[in-house]
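Asker: build me a model from this:
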Amino acid sequence: MDEEHNIYEVIRRRRDVRAEFTGELVDDATLMRLLDAAHRAPSVGNSQPWDFVIVRDPDTLSRFATHVADKRKEFHASLPPERARTFDPIKIEGITESGTGIVVTHDDSRGGPQILGRATVPETGLYSTILAIQNLWLAATAEGIGVGWVSFYDSPVLTELMQLPAGIRPVAWLCVGPVREFQKVPDLERFGWRDRRPLSEAVHWERY
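Answerer: Next up, the predicted model:
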């Protein structure tokens, strides 16, 4: 397998992209390949609880970016001074720069009341939607396309902006677009917010 597309290399290169978007739109053929990869994710009981809303209207992108900027200010104001200084240079979104947003939604009722495999762990429905996002993200990385997950928003605001039906919840706004580069070190590590734990601290044998 080509080293650039080796799955382990793709996982290593994957980044949460904020500032590296070129400003060009991802072309529709590539976008549909990414969505096809997402749609092939495993799901509990084959419920496939996800949907994808593609957003490119500049007014919608701008409105959501304004809301996110307000939430960023709120978070900044909640931080102690030293932590706020660390947070200052960290960019949290590339909504307008990417030119394409994908709002991933979750329908917990899809598949009916008896979903095989979800009876004792109801969260597996939501986990399935997250797996679709990861599929999309890794496929995008393999294509040289950046993805940034925006999480600074109020769900009711995004629900209203997307005109989501009752019972459909937004899980993620993904900024998607071509990038100049993938940062070698993730932003939160580069800017000193938090380092990655070594694998040795996360692995346990037989008991926690």
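Asker: convert the C-alpha atoms of the lowest-mean-pLDDT helix or strand in the chain to CSV, please.
Answerer: Confidence across the helices and strands of the chain bottoms out at helix 187-190, with a mean of 92, counting by mean pLDDT, DSSP states H and E. Extracted as CSV, the C-alpha positions of helix 187-190 are listed here (Å, rounded to 0.1, in the frame of the first residue of the first chain):
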residue,chain,number,x,y,z
ASP,A,187,-2.8,22.7,17.9
LEU,A,188,-3.6,22.1,21.6
GLU,A,189,-0.2,20.6,22.1
ARG,A,190,1.6,23.3,20.0
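Asker: tell me which residues of that helix are tucked away?
Answerer: Burial within helix 187-190, assessed by neighbour count using 16 or more other Cβ atoms under 10 Å, is assigned to residue 187. (C-beta placed from N, C-alpha, C; glycine too.)
Asker: how about stretch 90-107?
Answerer: 90, 92-107.
Asker: of the residues you listed, which belong to strands?
Answerer: Among the buried residues of stretch 90-107, DSSP state E puts 101, 102, 103, 104, 105, 106, 107 in strands.
Asker: ok, so of the residues you listed, who is nearest residue 149?
Answerer: Within those, distances to residue 149 taken as Cβ to Cβ reach their minimum at residue 104, with 9.3 Å.
Asker: low-confidence ranges in the protein?
Answerer: In the predicted model, the chain carries pLDDT under 70 at residues 1-5.
Asker: for the top helix by length along it, which positions count as buried?
Answerer: Selection of the longest helix in the chain by residue count, based on DSSP state H, yields helix 58-78. Of the residues in helix 58-78, 61, 64, 65, 67, 68, 71, 72 count as buried by neighbour count, 16+ other Cβ under 10 Å.
Asker: how about stretch 144-157?
Answerer: For stretch 144-157, the neighbour count (16+ other Cβ under 10 Å) marks 145, 146, 147, 148, 150, 152, 153, 157 as buried.
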